[in-house]
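Peer 1: just coords:
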Ligand SMILES: Cc1ncc(COP(=O)(O)O)c(C=O)c1O
């Protein structure tokens, strides 16, 4: 979470005082319709045709995959470093997540995507982890060649860009999360964004099975199919409208601090930054350093700590490392056998593997990477101090 305060509190209070908390409220009351306004404002800002606010990033992933018509017999390629929601989303629909390695950029390795593509693959999900843009051009080229869709998981990267385009709008469809830990937040929330009319219509129907009954529900050009409920509340919409106006200012600050830190890293003979696919577009909420091995990385973290600076290594981030995804490693997709993608007859022919040691490269990269968090409130003075600490920690290496 980057910044939240009085303006968001006022926006939420306005909705509560109006008593109109439901996004498809009574049109006679002059309902302010915060969710719909957020969707319009988001679409305008990121330059995309369709946007849908939903209850979570996980919900957004499921709706996007439903919009693509993904289901049993299909495979979806996901990176080995992401929040567990990314592989859970295809499982929810009966499809199999196929886990591919990351590369030195900490995002999906196009070479391993190519190796894991099968005739069952229907989509690839690059994830812009900790605000770092994935190698979208390479992934899109592979997707085009194999005629599969690209779903960008930009849950951790709202506000980031790739070659000038907002992350989430570079693939066929994109999703964001607005949970408490994200660049903009309403505590919980998510969004689906796309230019594809049909995909959007199906995602929209999946997000609210009762949509056609509400006076503000959209008119459908496709037959109505059974949906679920990922409907956002007006309080989420109101808070996110305020957050949306702040994002560029907040990321200007993180980018300026990260640029200074990286300039010092580049000059130092013992420090090496991770690989970036678009440094300008990077959200810059972390600075990543790479080391030869885990021992070197942990030694550096200890020395940095002695210099008064916190850092962390992604191998310790539990839920984001594939080997810790208990339900997936244990091939338990549902309580009911018929709903369990791992047991569905259509999926039996899949060659996908689920073993904690199957992506050693990912484990190696994660365990020798060190991250430092950057916050919009980090001052220039603090950045200077941090640079001095980095240099000292590097110099005291044996
Ligand atoms: C990469 C990634 N994908 C998806 C999600 C799911 O978002 P949510 O928690 O809003 O369901 C998250 C949330 O942490 C995430 O980090």
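Peer 2: Done, it's in. It should be emphasised that the depicted structure is a prediction, and the values quoted were computed from it without experimental measurement.
Peer 1: who touches the closest residue to residue 131 other than its chain neighbours in this structure?
Peer 2: Spatially, and ignoring its direct neighbours in sequence, residue 131 is nearest to residue 283 (2.7 Å; Cβ to Cβ, 6 or more residues apart in numbering). All C-beta spots, glycine's among them, are computed from the backbone N, C-alpha and C. With contacts defined as Cβ atoms under 8 Å, 6 or more residues apart in numbering, the neighbours of residue 283 are 128, 130-132, 156-160, 183, 251, 254.
Peer 1: which of those lies closest to residue 148?
Peer 2: Within the contacts of residue 283, proximity to residue 148 (Cβ to Cβ) peaks at residue 128, which comes in at 18.8 Å.
Peer 1: Which pLDDT value belongs to the residue nearest to residue 131?
Peer 2: Looking at residue 283, its pLDDT is 98.
Peer 1: ok so it is a helix residue?
Peer 2: No: assignment of residue 283 by DSSP: H, G, I helix; E, B strand; the rest coil gives coil, placing it outside any helix.
Peer 1: Which residues of the stretch 101-250 of the chain lie near the ligand?
Peer 2: Taking Cβ under 6 Å from any ligand atom as the criterion, the stretch 101-250 of the chain approaches the ligand at residues 127, 153, 155-156, 177, 179, 190.
Peer 1: among the residues you listed, which are in strands?
Peer 2: Of these, the ones assigned to strands by DSSP state E are 153, 177, 190.
Peer 1: could I get those residues as JSON lines with pLDDT and neighbour count?
Peer 2: Putting these into JSON lines (pLDDT from 0 to 100; neighbours: other Cβ atoms under 10 Å) gives the following:
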{"residue": "153", "pLDDT": "98", "neighbour count": "31"}
{"residue": "177", "pLDDT": "98", "neighbour count": "29"}
{"residue": "190", "pLDDT": "98", "neighbour count": "30"}
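Peer 1: so where's the stretch 201-350 of the chain shaky on pLDDT?
Peer 2: 215-218 (pLDDT under 70).
Peer 1: can you pull out the strands in it?
Peer 2: All strands of the stretch 201-350 of the chain, identified by DSSP state E, counting those that start in this stretch, fall at 286-290.
Peer 1: Tell me which residues of stretch 67-85 come out buried.
Peer 2: Neighbour counts over stretch 67-85 (16 or more other Cβ atoms under 10 Å) mark 67-68, 70-71, 73-85 as buried.
Peer 1: try stretch 306-325
Peer 2: Quick answer for stretch 306-325 (16+ other Cβ under 10 Å): 309, 311, 313-315, 317, 320-323, 325.
Peer 1: quick check, nearest of those to the ligand?
Peer 2: residue 320 (7.3 Å; Cβ to the nearest ligand atom).
Peer 1: Surely the closest one touches residue 81?
Peer 2: Yes: between residue 320 and residue 81 there is a contact under Cβ atoms under 8 Å: 6.0 Å.
Peer 1: Report the set of residues contacting both of these two.
Peer 2: 129, 314.
Peer 1: hang on, the earlier thing: just put the buried residues of stretch 306-325 in CSV and tack on distance to the ligand.
Peer 2: As requested, those are exported to CSV (distance: Cβ to the nearest ligand atom, whole Å):
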residue, distance to the ligand
309, 24
311, 20
313, 17
314, 12
315, 16
317, 10
320, 7
321, 12
322, 12
323, 17
325, 13
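Peer 1: Let's have the residues you listed in TSV, adding distance to residue 137.
Peer 2: Output for these, formatted as TSV (distance: Cβ to Cβ, whole Å):
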residue	distance to residue 137
309	35
311	31
313	29
314	24
315	28
317	27
320	24
321	26
322	25
323	29
325	28
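Peer 1: Just the closest residue of the stretch 51-200 of the chain to the ligand, please.
Peer 2: residue 57 (2.4 Å).
Peer 1: just checking, that residue touches residue 176?
Peer 2: Yes: in this structure, residue 57 is within contact of residue 176 by Cβ under 8 Å, at 6.5 Å.
Peer 1: With neighbour numbers in mind, choose between the two.
Peer 2: residue 176 (32 against 28; other Cβ atoms under 10 Å).
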